[in-house]
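K.L.:
below is the sequence, then the predicted model.
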Amino acid sequence: MTILTLLTDFGTEDEYVGVMKGVILSIAPDVRLVDLSHQVPPQDIRRAALLLMNAVPYFPPDTVHLAVVDPGVGTERRPVAVRTPAGTFVGPDNGLFSWVLARVPEWTAVEIREPAYRLPLVSSTFHGRDVFAPAAAHLAAGLPLEKLGPRVEDPVWLPPPRLEISDFVAEGEVLYADRFGNLVTSIGYLVRSEDTLALKSAFGSQAVLPVFPAGDAGVVVGNVQLRGIRRTYGEAAVGELLALVGSSGFLEIAVRQGSAAAALGAVPGTPVTLIFRLNRG
């Protein structure tokens, strides 16, 4: 059975997500539905793009990913479907798929235009139900991508988050705070080997820095400087601020059993600096 994931900013209080699932199952009753998240902050395209980028590697490559964070619904923005070696993506052409596409060697995109693969009546406010869910379901059922509409050669791209690397310094920013209050930054990917780390950009760049000692690194957020990048939360005392590498490979700032977002007053866009020296050992 084909897997079809759903990612939206709809929340779960209203009927929107359930209705989309009803449309999908009416077209492709054997599909396996997986909810990535419906708690993306309203209209936060960048947060959705990050979530999708982090989630996609853990799904089979024939998965269909339906993502609807669509502040431009009903306007001239295009509905698109994109096929890549990592999966197929359906949603609005507003940059939502930018950072997934930056990590794949090739992709093919089409505009969802063919009326046969939409609902008969298309509202101007709920394309998730009327346009995207039917298209995703038909693709999951085996429809060739090209049947949906004409090729798209110029999808909208989001600018990458800040990540500037110079001698012994990486300048980034806070991307978001997760539900625990951990501050996820744009400094990544960080790959640990014993007591050293190597840094690789996560947004398309292939530049890799030489390894550096994790214990000697400094991290600056606002007016606070932290020493060392820890392996686990448990290496800090309860209530202590610490820097560590999160499960997706990005540098994170946390408070053990607390909220770094609350402790530091940091918000998306707050500057973060990683200072390191090369491993000479």
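P.N.:
Nice, I can see it.

K.L.:
hang on, residue 99 is in a helix, isn't it?
P.N.:
Yes: judged by DSSP: H, G, I helix; E, B strand; the rest coil, residue 99 forms part of a helix.

K.L.:
close enough to count as contact, residue 127 and residue 70?
P.N.:
Yes: between residue 127 and residue 70 a contact is recorded at 6.4 Å, counting by Cβ atoms under 8 Å. C-beta: built from backbone N, CA, C; applies to glycine.

K.L.:
and the residue sitting nearest the centre point of the chain, what helix or strand is that in?
P.N.:
Centroid-nearest residue in the chain, with Cα atoms, centre = their mean: residue 50, separated by 1.9 Å. Secondary structure from DSSP states H and E places residue 50 in helix 45-55.

K.L.:
so what strands line up beside the helix or strand following that helix?
P.N.:
Remark: after helix 45-55, the chain's next helix or strand is strand 64-68, criterion DSSP H and E. In the sheet, strand 64-68 lines up against strand 3-8 (parallel), strand 87-92 (parallel) (DSSP bridges).

K.L.:
next SSE after strand 64-68?
P.N.:
strand 79-84.

K.L.:
which residues touch residue 61?
P.N.:
85-87 (Cβ atoms under 8 Å, 6 or more residues apart in numbering).

K.L.:
of these, closest to residue 29?
P.N.:
The shortest approach to residue 29 among these belongs to residue 87, at 21.1 Å (Cβ to Cβ).

K.L.:
how's this structure carved up into domains?
P.N.:
Domain assignment of the chain by automatic domain parsing yields the ranges 3-152, 164-275.

K.L.:
can you check the pLDDT for residue 247?
P.N.:
pLDDT, residue 247: 91.

K.L.:
count of residues packed around it?
P.N.:
By other Cβ atoms under 10 Å, the residues close to residue 247 number 7.

K.L.:
how much space between it and residue 19?
P.N.:
32 Å (Cβ to Cβ, to the nearest Å).

K.L.:
longest strand of the chain?
P.N.:
strand 169-177 (DSSP state E).

K.L.:
so what touches that strand?
P.N.:
46-47, 50, 161-165, 183-187, 199, 209, 221, 250-251, 253, 259-261, 266-276.

K.L.:
select only the buried ones of those in PyMOL?
P.N.:
Burial among the contacts of strand 169-177 is assessed by 16 or more other Cβ atoms under 10 Å; the matching PyMOL selection reads:
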select buried, resi 46+47+50+161+162+163+165+183+184+185+186+187+199+209+221+250+251+253+259+260+261+266+268+270+272+273+274+276
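
K.L.:
okay, the strands paired with strand 64-68, which one's buried deepest?
P.N.:
Neighbour counts (mean count of other Cβ atoms under 10 Å) averaged over each of these peak at strand 87-92, with a mean of 26.

K.L.:
circling back to that earlier point, the domains of the chain: lowest mean pLDDT?
P.N.:
Among the domains of the chain, domain 164-275 scores lowest, with a mean of 88.

K.L.:
and it, how far out from the chain's middle?
P.N.:
Centroid displacement of domain 164-275 relative to its chain, using Cα atoms, centre = their mean, to the nearest Å, is 18 Å.

K.L.:
alpha carbons only: can I get stretch 109-129 in PDB?
P.N.:
C-alpha atoms of stretch 109-129 as PDB (Å, rounded to 0.1, in the frame of the first residue of the first chain):
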ATOM      1  CA  ALA A 109       7.000  19.500 -11.400                       C
ATOM      2  CA  VAL A 110       3.600  20.000 -13.000                       C
ATOM      3  CA  GLU A 111       0.700  22.400 -12.400                       C
ATOM      4  CA  ILE A 112      -2.400  20.600 -11.200                       C
ATOM      5  CA  ARG A 113      -4.800  21.800 -13.900                       C
ATOM      6  CA  GLU A 114      -6.800  18.900 -15.200                       C
ATOM      7  CA  PRO A 115     -10.400  19.100 -14.000                       C
ATOM      8  CA  ALA A 116     -10.800  15.300 -13.900                       C
ATOM      9  CA  TYR A 117      -8.400  15.100 -10.900                       C
ATOM     10  CA  ARG A 118     -10.100  17.800  -8.800                       C
ATOM     11  CA  LEU A 119     -13.500  17.800  -7.100                       C
ATOM     12  CA  PRO A 120     -16.400  18.900  -9.300                       C
ATOM     13  CA  LEU A 121     -16.800  22.100  -7.400                       C
ATOM     14  CA  VAL A 122     -13.700  24.000  -6.300                       C
ATOM     15  CA  SER A 123     -14.000  26.600  -3.500                       C
ATOM     16  CA  SER A 124     -11.800  29.600  -3.300                       C
ATOM     17  CA  THR A 125     -10.900  29.000   0.300                       C
ATOM     18  CA  PHE A 126     -10.300  25.200   0.700                       C
ATOM     19  CA  HIS A 127      -8.000  23.900  -2.000                       C
ATOM     20  CA  GLY A 128      -6.700  21.300   0.400                       C
ATOM     21  CA  ARG A 129     -10.000  19.500   0.000                       C
END
